[in-house]
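K.L.:
predicted structure and sequence below. I'll ask about it afterward.
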Amino acid sequence: MKLRFLPILSLMTFAMHAATIQKSDFGKTPDGTAVSLYTLTNSKGMEARIITYGGAIVSLKTPDRKGAMGDVVLGYDNLAGYMGGKAFFGALVGRYANRLAKGQFTIDDKTFQVPVNDGVNALHGGIRGFDKHVWSARQLPGGALELTYISKDGEEGYPGTLMATVTYTLTDDNRLRIHYAATTDKPTVLNLTNHSYFNLKGDGDILGHLVTLNADRYTPVDAGLIPTGELRDVQGTPFDFRKPRTPGERIGQTDEQLKLGKGYDHNWVLNRTGVAAGALSLAARVEEPSSGRVMEVYTNQPGVQFYTGNFLDGTEKGKGGKVYNLRGAFCFETQHYPDSPNHPTFPSALLRPGQKFDTTTEFRFSAK
């Protein structure tokens, strides 16, 4: 079924199989480009609000054990916050999420240089990554919102014109599904993820959340947070979350890797042995004891970056004027490993013409 949009309406609601979608205005960029806000609501009252600027999740309301809805992601009240913010709250990041050493990579014996914006390294796509562009939006049947962005050949130094499509679907069993797809007309590197900051309490620090990571190994980093190339066993280290542990239990330990990351800011190598190619498997689980909220992360990506808000320092003021302090949220960025193009032993992040980048991540919410 094809949905036709009527230009005379400024507010539109469509009934979907799993959720309703409501569209409203969220301001304009300085060049006059309109930014829209889409509110997805399922039959149980769970709500996801997404803007076309950076495809950012600006609000995600989920029930606690008493059924009370609470917003569990950090963000801003207005477009100016997202345009001026540096923390990537809720945004889609690319063309290469996470870090590239010295902003360089080589494809077919040709070396490419992209802008560096994190010391001597490139982070989350460069000076103006995918998070700083307005995406085209289309509502789909089944409670889904499709966002599309065309990244031109040479944008931020990356080769190839890339067509990226990200589809957000809110299901009636309280899953927020994010499907990423992309094609290119020249060989390029690609790593797409969503950079939502979660706090299942809704406020305060996240040090008491119970975290489980389905990973036996992680990728240790150097002083620039670039992977050394080693896949290190988590056994006997503060990085062992194979059984539920709180970040606060060991984040202050004297550990070289924790010092380098100023806390947890590392990629875990997900256990996918025996999992069919393309199938989703458990990456992480978080439980917040006081609210009872539980979030599970399922993905078919090879890695996940667990980040504990180490660079939140109280200078970012978010929704309702709330100040976001150190350890005020955590991120689970499903991904290819950081700096993969420069590590031949890592899973390849190379995308060639005729191939399709196709990955899915689900955030599944419940209450205990």
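P.N.:
Happy to help now that I have it. Numbering: from 1, shown residues only.
K.L.:
what is the residue nearest the centre of the chain paired to in the beta sheet?
P.N.:
Computing the C-alpha centroid of the chain and ranking residues by CA atoms, centre = their mean puts residue 194 first, at 1.8 Å. Beta-bridge partners recorded for residue 194 (DSSP bridges): residue 92.
K.L.:
need the contact list for it.
P.N.:
Counting by CB atoms under 8 Å, 6 or more residues apart in numbering, residue 194 makes contact with 55, 57, 90-93, 178, 333-334, 361. Using the backbone N, CA and C atoms, a C-beta is placed for each residue, glycine as well.
K.L.:
can you check residue 264 too?
P.N.:
With CB under 8 Å, 6+ apart, residue 264 has these contacts: 239, 247, 251, 258, 306-308, 310.
K.L.:
repeat that for 6 Å
P.N.:
306, 308 (CB atoms under 6 Å, 6 or more residues apart in numbering).
K.L.:
and for residue 77?
P.N.:
residue 319.
K.L.:
if I look at it, how far off is residue 277?
P.N.:
From residue 77 across to residue 277, the span is 42 Å (CB to CB, to the nearest Å).
K.L.:
how about residue 105?
P.N.:
Taking CB to CB, one finds residue 105 at 24 Å from residue 277.
K.L.:
count the neighbours of residue 340 for me.
P.N.:
Neighbour count for residue 340, taken as other CB atoms under 10 Å: 26.
K.L.:
you'd agree it is up against residue 303?
P.N.:
No - using CB atoms under 6 Å, residue 340 is not in contact with residue 303, being 8.9 Å away.
K.L.:
and stretch 148-158, end to end?
P.N.:
End-to-end distance of stretch 148-158 (CA to CA, to the nearest Å): 18 Å.
K.L.:
got it, and stretch 250-267?
P.N.:
By CA to CA, one end of stretch 250-267 lies 17 Å from the other end.
K.L.:
just stretch 288-303 next, same as before
P.N.:
End to end - CA to CA - stretch 288-303 spans 23 Å.
K.L.:
tell me the mean pLDDT for it?
P.N.:
For stretch 288-303, mean pLDDT is 98.
K.L.:
for residue 223, state which of the contacts of residue 194 is nearest.
P.N.:
residue 333 (20.8 Å; CB to CB).
K.L.:
so the closest one belongs to a helix, correct?
P.N.:
No - going by DSSP: H, G, I helix; E, B strand; the rest coil, the assignment for residue 333 is strand, not a helix.
K.L.:
now do the contacts for it.
P.N.:
Here residue 333 is in contact with 193, 305 (criterion: CB under 6 Å, 6+ apart).
K.L.:
is it in a bridge, and if so with what?
P.N.:
residue 305.
K.L.:
can you tell me how far it is from residue 351?
P.N.:
From residue 333 over to residue 351 (counting by CB to CB), the distance is 19 Å.
K.L.:
then residue 88?
P.N.:
On the measure of CB to CB, residue 88 and residue 351 end up 22 Å apart.
K.L.:
please identify which of the two sits among more neighbours.
P.N.:
For residue 88 versus residue 351, neighbours defined as other CB under 10 Å are more numerous around residue 88 (25 against 22).
K.L.:
SS state for that one?
P.N.:
Put simply, residue 88 is coil when judged by three-state DSSP.
K.L.:
need the nearest residue in space to it, chain neighbours excluded.
P.N.:
Closest residue to residue 88 apart from its sequence neighbours, by CB to CB, 6 or more residues apart in numbering: residue 195 at 4.1 Å.
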